[in-house]
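Asker: Quick one: sequence plus predicted model below, questions after.
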Amino acid sequence: MKEIILLKEGEIALKGLNKRNFEEAFIKNLRHRLKPLGKFIYTRSQSMIYCEPADDTIDMDEAVSRASKVFGAAAICRAMITEKDFDVITRDVMEYCGDELSCARTFKVQAKRSDKRFPMRSPEICAELGGRILDRYPRLEVDVKNPDVTVNVEIRDTNAYIHTGNRPAAGGIPVGTSGKAMLLLSGGIDSPVAGYMMAKRGIDISAIHYVSPPYTSDRARLKVERLCEKITPWCGDTTFYCVPFTEIQEALRDNCPEELFTIIMRRLMMEIAQRICEKNDITALITGESVGQVASQTMGAIVCTDNACRMPVFRPVIGMDKSEITAIARKIDTFDISIEPYEDCCTVFTPKHPKTRPTLEEVIAAQNSFDFEPLIQKAVDETEVKRFTIGSAQF
């Protein structure tokens, strides 16, 4: 028995003259994700990507799991390859789907005939194959609306394929087709979700995190590195920048009004991130801000933060509430890490009464009361860089 992974294109199929470029990017990403498992042969036809293992020793369960996290496909299934001969198809359906059919109460057959040279039409395949299944499993009943098992037969150009249904894949468009952006990755719930959502739109993600020892612990940094590992199966290989931030925060504490600490800190973070972006051909920033969630995420505070930015800032969770964000965090398996009680530098010197309606003039004046430039450049120069790859990712 020979199996294959079938990935059905979603948005890629709508790309017109650019479709081939998106398909090539998708296959490149897919090849990179599956390379640690062994060799696969990749082909494409009729808005379908075929991923065929080169030998029988490959772990197909793991391969399907990894492939389902590659942005670019709308649906995925594991299928059996068979001949375009109805008697052979019938025999292989009984073998490949037998365990599921023997445990089911209801079923239906669904056929798709892309190769019009095949002598039977789709309704004929469904009717004839359904009859043979009933002969083999007489206690089964046909239910075309809500069956326990759906037997799918696809007649395509070179082969026929048998499977028991598609499941949703990652969706979106391939990572790397929409440029590069830097994710401000904290230890919270929101920012990993923001990175995932922008990777889904084809953006190649890097991540930046700020540490303030001794006010923040090594466990806090390791927590964020684990979050980076968790999003790597979705976002692809990720460069992680760790910025020393202690001196800047101490200078901020000693020289600026307490109620503006958080907003000025955000502005300084943005400046450091931009300088690192400019050195690495990265053209946008990503944050996990959601309007009104905390004091630094009011409309006025966001305006003051954006004033410090020379490049676009994407905020994909800006209009989502916490339950929506949490649902995605659970899906991508970052939630349990995010709620661990190791705090990041954003909680250091948190003002008791942060200003929720700051004016840009007062924020700029407060920031300019101290020359942060030498500390900013020092932080950029002392930033540590680490690379998280598919080979080390937690699938």
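Answerer: Nice, thanks for sending it over.

Asker: just for the stretch 201-350 of the chain, where's the confidence low?
Answerer: Within the stretch 201-350 of the chain, the stretches with pLDDT under 70 are 293-296.

Asker: Going by residue numbers, what spans are strands in it?
Answerer: Listed in chain order, the strands of the stretch 201-350 of the chain (DSSP state E, counting those that start in this stretch) span 204-211, 238-244, 285-286, 313-314.

Asker: Can you redo the ones you listed as TSV, where the extra columns are mean neighbour count and distance to residue 346?
Answerer: The C-beta positions use only the backbone N, C-alpha and C, and glycine is treated the same way. Putting these into TSV (neighbours: other Cβ atoms under 10 Å; distance: least, Cβ to Cβ, whole Å) gives the following:
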stretch	mean neighbour count	distance to residue 346
strand 204-211	24	8
strand 238-244	20	13
strand 285-286	25	16
strand 313-314	18	17
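
Asker: so how far is residue 22 from the nearest residue to residue 31 once chain neighbours are set aside?
Answerer: Spatial nearest neighbour of residue 31, excluding adjacent residues (Cβ to Cβ, 6 or more residues apart in numbering): residue 42 at 6.4 Å. According to Cβ to Cβ, to the nearest Å, residue 42 stands 14 Å off from residue 22.

Asker: more crowded one of those two?
Answerer: In terms of neighbours (other Cβ atoms under 10 Å), residue 22 is the more surrounded of residue 42 and residue 22; the figures are 20 against 17.

Asker: Now do the contacts for the more buried one.
Answerer: By Cβ atoms under 8 Å, 6 or more residues apart in numbering, the contact set of residue 22 is 12, 15, 72, 173, 174, 177.

Asker: PyMOL command to pick out the buried ones of those residues?
Answerer: Buried members of the contacts of residue 22, defined by 16 or more other Cβ atoms under 10 Å, are picked up in PyMOL with:
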select buried, resi 12+72+173+174+177
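
Asker: Let me know the closest of the contacts of residue 22 to residue 356.
Answerer: Nearest to residue 356 among those is residue 173, at 37.2 Å by Cβ to Cβ.

Asker: and the residue nearest to that closest one when sequence neighbours are not counted, how many neighbours does it have?
Answerer: Spatial nearest neighbour of residue 173, excluding adjacent residues (Cβ to Cβ, 6+ apart): residue 202 at 4.2 Å. By other Cβ under 10 Å, the residues close to residue 202 number 19.

Asker: pretty sure residue 202 is touching residue 171, no?
Answerer: No. Using Cβ atoms under 8 Å, residue 202 is not in contact with residue 171, being 11.5 Å away.
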